[in-house]
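Student: okay, predicted coordinates and the sequence, questions at the end:
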Amino acid sequence: MDRSCRTSRRRFFRLMGKAASAALAVPYLVPGGVLARSGSAGANDRIGVGYIGLGARGNHILHHLPDDAQIVAVCDVDARRVARVAEGHDYATYGDYRELLDNQDVDAVVITTPDHWHALQAIHACQAGKDVFCDKPLSLTVREGRAMVDAARRYNTIFQVGPQQRSIPAAIRACEFVRAGRLGKLREVHVTNNRTPRDCDLGAEPVPEGLDWPTWLGPSAERPFHSKIYNGSRMRDSFGWMAFKPWSGGMLTSWGAHGMDLVQYGLGMDAGGPREVKPLGEGLTCPLEYLYPDGVVLKFDDAPQGGAIFVGEEGTITVACGVATYDPPELGNGAPPNEPALFPGATAPIHTRQWLQCVRTRHGLTCDVEVGHRAATACHLGNIARWLGRPLRWDPVEETFLGDDEANAMLSRGMRAPWELPENL
């Protein structure tokens, strides 16, 4: 049975090589002893890590492992990427992630593929007995996210999701400060107004040598290759797979997942979410307004990218990219110092190493899969509201829209054969 408990911030930062004093709530922990489950690394073993997805983000996280972990396998549908990453190393190399999951030297996997692949790869990794680090956003749809949570629970997977501010002392203190009610009654919260993805109408181009385009498409609908789809990390808002509905929730779920994660954390909504989402206009960039329990209003408007602004009776706290600022400044008395250099370069190693520590101890995750699912879900709601162009009421317990069959139909998507989500998770 899954259980909930707490781990102290002092213990957490000792593991990270830091010290702190306030309590850090960790609501979703996977049971287990000091030794890992059968087939995984134990307390005195070196953890074998496999990487699935070797694009820009995958290469970034590739360099974040501590000395007690070892890259043993890498996988990508682009043979050129695999060759570049594996050069000079004794890595097992793959073009099919399922073959990597069959490798018994792999104890845990890092998934940094496009959004439309996250669910299948993570669920199959859970079934293969591997622990999982999946970059944000967790899912392409709400139903996929819930299936990933169910798989992690069934197979006792240590499953960390990418929003790394959960492992940064300054951000932790700021969100815990708000969560504890020390900012007084919240008046409103703000996050960046990121773009919702659009349909793709690009034409066809020749497939580059070494790229397995049908496998890149995977469970998404068949369509011809175009460089403005594939080169997602370089295109961002205007082009790249992140800009299009078939493969991503857009910048709203990408950068937006960082800000929404902080909101959910500060509001104590790690197992919940908003009650209503309302588009304030038309189109894929119109402002959004969410209503949370207790009447807290979240506005998508002017806030630092990847951050959140909490406005309460006692003042304002802004958290962005691991840096927290307080107005009035005395609200920050006793807070850990901001370390801007930690983000994005050195912060992510803290988050990755925290995950690997949990692979050994089987508890203590800062951004468990349920937490990542709830943050991604809140972002998905905004996309659906914009696509439909109307307010929507949400039940965060049942994870359904109230009285809106058209909106509920958008909580999941069909997959192209032979791909399908496993049943009975």
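Tutor: Looks like it came in fine. Small disclaimer: the values here were computed from a predicted structure and weren't measured.

Student: longest helix anywhere in this structure?
Tutor: Using DSSP state H to define each element, the chain has its longest helix at helix 369-388.

Student: so how far is it off the chain centroid?
Tutor: Distance of helix 369-388 from the chain centroid (Cα atoms, centre = their mean, to the nearest Å) equals 11 Å.

Student: buried residues, that helix. List them.
Tutor: 369-387 (16 or more other Cβ atoms under 10 Å). Every residue, glycine included, has its C-beta placed from N, CA and C.

Student: what sits against residue 82?
Tutor: 54, 74-76, 93-95 (Cβ atoms under 8 Å, 6 or more residues apart in numbering).

Student: let's go with 6 Å and repeat that
Tutor: Counting by Cβ atoms under 6 Å, 6 or more residues apart in numbering, residue 82 touches 76, 93.

Student: I'd like the average pLDDT over stretch 367-376.
Tutor: Here stretch 367-376 scores 97 as its mean pLDDT.

Student: ignore what I typed, I meant stretch 286-300.
Tutor: 96.

Student: mind checking the end-to-end distance for that stretch?
Tutor: 9 Å (Cα to Cα, to the nearest Å).

Student: for that stretch, buried residues please.
Tutor: 288-292, 296-300.

Student: okay if I get those as a markdown table plus secondary structure?
Tutor: As requested, these are exported to a markdown table (DSSP: H, G, I helix; E, B strand; the rest coil):
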| residue | secondary structure |
| --- | --- |
| 288 | strand |
| 289 | strand |
| 290 | strand |
| 291 | strand |
| 292 | coil |
| 296 | coil |
| 297 | strand |
| 298 | strand |
| 299 | strand |
| 300 | strand |
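
Student: dump the residues you listed to JSON lines, plus distance to residue 142.
Tutor: Below are the buried residues of stretch 286-300 laid out as JSON lines (distance: Cβ to Cβ, whole Å):
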{"residue": "288", "distance to residue 142": "17"}
{"residue": "289", "distance to residue 142": "20"}
{"residue": "290", "distance to residue 142": "15"}
{"residue": "291", "distance to residue 142": "18"}
{"residue": "292", "distance to residue 142": "17"}
{"residue": "296", "distance to residue 142": "21"}
{"residue": "297", "distance to residue 142": "22"}
{"residue": "298", "distance to residue 142": "18"}
{"residue": "299", "distance to residue 142": "22"}
{"residue": "300", "distance to residue 142": "18"}
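
Student: which of the residues you listed lies closest to residue 122?
Tutor: residue 290 (26.6 Å; Cβ to Cβ).

Student: run through the bridge partners of the closest one.
Tutor: residue 277, residue 298 (DSSP bridges).

Student: sweet, I'm off.
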